[in-house]
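>>> Let's see this in three dimensions:
(chains A, B and C)
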Amino acid sequence: MIARVALPIPRAAPFDYEVPPHLSVAVGDRVWVPFGTRHVWGIVVGVADEPTFAGRLLPVEATTGPSLPASTLDLIKQISDLSFVGLGLALARLAPPPSRARAREVELALPPDTAVRISATLASRAPAQARVIIAIGEGVTGAAELRQLPGGGRAMGTLLHKGILRPRRLPFSYQEEEKTITLNSAQRAAVEAIQAGIGSGKKYLVFGPPGSGKTEVYLRSVAEGLARAKTSLLLAPEVSLLPQLWARAGRVLGSPPETYFGELPPGERWRTWHGALRGEVRCAVGTRSAVFLPLRDLGLVALDEEGEPAYKQEDMAPYYHARAVAELRAAREGPAVVLGAAAPAVETFYRATQGELELLSLPDRVVGARPTVSVAPRGDAVIGPILQEAIHRHLGKRGQVLLFLNRLGFYTGAVCRCRSILRCPDCEIPLVFHLADRALHCHTCGKAVRDLRCPSCGEDRFHLFGVGTERVEHEARRLFPSATVARLDADTVRDRDRILCAVAKGKIQILVGAQMVGKGLDFPGISLVGIVNADQLLSTPDFRAGERTYQLIAGAAGRAGRGERPGEVVVQSDQPGYYAIRSALEADYAAFYAEELGYRESLRYPPFARLVRMIATGRDAEAKAGALAEDLLGRRFEVLGPARLFPRRGIPRAQLLVRGRGDVVDRLAEALPQPPSWLKVDPDPMWLG
DNA sequence: AGCACGCCGACT
DNA sequence: GTCGGCGTGCTC
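I've put the predicted structure just below:
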């Protein structure tokens, strides 16, 4: 028998191997095969009697049995086609490889006082075990550190075996107090509507302001599904949001759900994936990669904050949007898809108005009161006088302060003295300053502008800008020397657990954070949220800049005043009249949507067209992109660019955008059956430029 | 993606 | 004379 095996290499076609008589393999099995001078894991995507390869075949050497069901294999096949990536590579990155679970962090499985008593009795006979318990009592949770104690490795193993310790499943030890929640009528109506859609593949948009109880609606719907023996998936855009979701789900469902996300240790990922495969997992919470979990009898997939760009995998192939994958699963496996947001993606809301999704509105806030939102000029200060005054006021009342910065300081935009952001005359996308030729470039159409005058005041001298989180942290410490200041962004992600716990306990007065902090975190002590530079996001070279700005402000407003204290939000902006900022200040999504939709239509951006982003990389990226553009234009594609991008790790890059109708991806797949290795093809990109 | 093979600059 | 830079090409 011949096994056709997808291998973790860019090439699309599978490789044929001989299956020796003592092994039996089926489609979906993981196999160990010789490949060149080494061995690799592959996944069987077909079996046949005759090979398609003419050369000499090598044997399959081992198998670990099923790694995914046929439905998931089909799903990943579809994703690999849509994102112009070989099936083998897509499978290797989406189905976790076999790995033994090994605790990375441990915690006490007993109340601390009991543990102290046990360690006292152990002190004479098993001093190593006592030392481990004492160390944990002192706050050490890392398994690696505990292993370094004298005899620590073995002692930890014994304690895990005895059940005194247990592996910590989440990179965060968030605890929430019990509270009983009664649904209001809008929430009840939403749960009823969703319940009717479980198993039918219906799609819903749960639309409501922060604190309107969207999470409770998903959780009650999950419970309804469980009662009918259906499994569920709950997705959040960021790992940092999982602990709260996990804790709340455990409380509503009666038992804790499984977790699945990229940073989970390999053994844990494998365990959850195989639990799902065997039908043992009934509910899982996770980030975008969890949308592929092979849960059996899937009844519901919910995406919280569905407009968040983190749902799209764009940095690494295969490129996919968790929402699109959920909808593909709905079509083949029938789960209801529930999208929830206070500020949905414009595309999603548009689809709801077109009847593709059922709109379920939750108009009322059930947690806290709407914070007061005000706008303040930033001028040349990082933290302007009005925000400074507000921080003083809240610190004085023992409130906590969150200072947000969208950390896209990567781009250097240009502002005129009259405070308007300079935009491309054709695309209305903000221009990006390139130091190499000291010119402003449009990353959408490729135009380079050297002699530009501000369209609103005619001035030709501009100010370049970009502020980072470190600078904000530094300013906060300088201005408020007696406050405890912490910073949470991609650089400090390893300390996330510690920092978030300290915030929850009120030990940090000012938290400076990038995007990740802005989403559904729920800290009752935070009474003031300051958005340091709302204009910076507006200047990103992307047609979604307005949408992101609205989402940022709306999300931040949702962070303030979730507890007893009334909340306040101060947005620093020098363009308070710009529609995205104005409507966000008023929490008026409908007004934002109306204006944004008009802009999208007049300039033919999604949802009125579909974009495919192509990035050429390498020495003559621009020339190659240019030749490709010529070729595609000849085949009657609409092509924007090529535009020169900033080099990445010293390697030049150039971008093309192909614009078309819904069928543009299929047409491109026909035109470029196997894109060259220097070209990345990303349909429906979330980030341009 | 690896890893080999292959053809040109600075070193024991 | 070699060690080694990373450019192309192949792996059932």
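>>> Tell me the spacing between the closest residue to A:Pro257 other than its chain neighbours and A:Ser221.
What sits nearest to A:Pro257 in space, not counting adjacent residues and going by C-beta to C-beta, 6 or more residues apart in numbering, is A:Cys283, at 4.0 Å. Glycine gets a C-beta too; all of them are placed from N, C-alpha and C. Distance, A:Cys283 to A:Ser221, using C-beta to C-beta, to the nearest Å: 11 Å.
>>> Tell me which of those two has more neighbours.
Higher neighbour count among A:Cys283 and A:Ser221: A:Ser221, with 27 against 24, using other C-beta atoms under 10 Å.
>>> tell me which element that one is part of?
Per DSSP states H and E: A:Ser221 is located in helix A:214-227.
>>> in that helix, what's buried?
A:214-226 (16 or more other C-beta atoms under 10 Å).
>>> Quick check: the two most widely separated of the residues you listed?
By the measure C-beta to C-beta, A:Lys214 and A:Leu226 form the most distant pair in the buried residues of helix A:214-227, at 19.0 Å.
>>> Taking the centroid of chain A, which residue is nearest it?
Closest to where the C-alpha atoms of chain A average out (C-alpha atoms, centre = their mean) is A:Ala310, at 2.7 Å.
>>> So that residue: helix, strand or coil?
helix (DSSP: H, G, I helix; E, B strand; the rest coil).
>>> repeat for A:Pro652
Following three-state DSSP, we place A:Pro652 in the strand state.
>>> quick one: contacts for the closest residue to it other than its chain neighbours?
In space, and not counting its chain neighbours, A:Pro652 is closest to A:Ala621: 4.6 Å by C-beta to C-beta, 6+ apart. By C-beta atoms under 8 Å, 6 or more residues apart in numbering, the contact list for A:Ala621 reads A:651-654, A:678.
>>> Kindly report the same for A:Arg288.
By C-beta under 8 Å, 6+ apart, the contact list for A:Arg288 reads A:235, A:237, A:310-313, A:320-322.
>>> Next, work out how far apart it and A:Pro652 are.
30 Å.
>>> got any residues that touch both of A:Cys283 and A:Ser221?
A:Ser232.
>>> now the helices for the stretch 401-550 of chain A?
Secondary structure of the stretch 401-550 of chain A (DSSP state H, counting those that start in this stretch): helices located at A:469-479, A:496-504, A:534-538, A:545-559.
>>> Alpha carbons of the longest one, as CSV, please.
Put plainly, it is helix A:545-559. Only the C-alpha atoms of helix A:545-559 are listed here, as CSV (Å, rounded to 0.1, in the frame of the first residue of the first chain):
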residue,chain,number,x,y,z
ALA,A,545,-7.4,53.3,10.7
GLY,A,546,-10.7,54.9,11.5
GLU,A,547,-12.3,51.6,12.6
ARG,A,548,-9.3,50.8,14.8
THR,A,549,-9.5,54.2,16.4
TYR,A,550,-13.1,53.8,17.2
GLN,A,551,-12.5,50.3,18.6
LEU,A,552,-9.6,51.5,20.7
ILE,A,553,-11.6,54.3,22.3
ALA,A,554,-14.7,52.3,22.7
GLY,A,555,-12.7,49.4,24.2
ALA,A,556,-10.9,51.7,26.6
ALA,A,557,-14.1,53.3,27.7
GLY,A,558,-15.3,49.8,28.6
ARG,A,559,-12.3,49.3,30.9
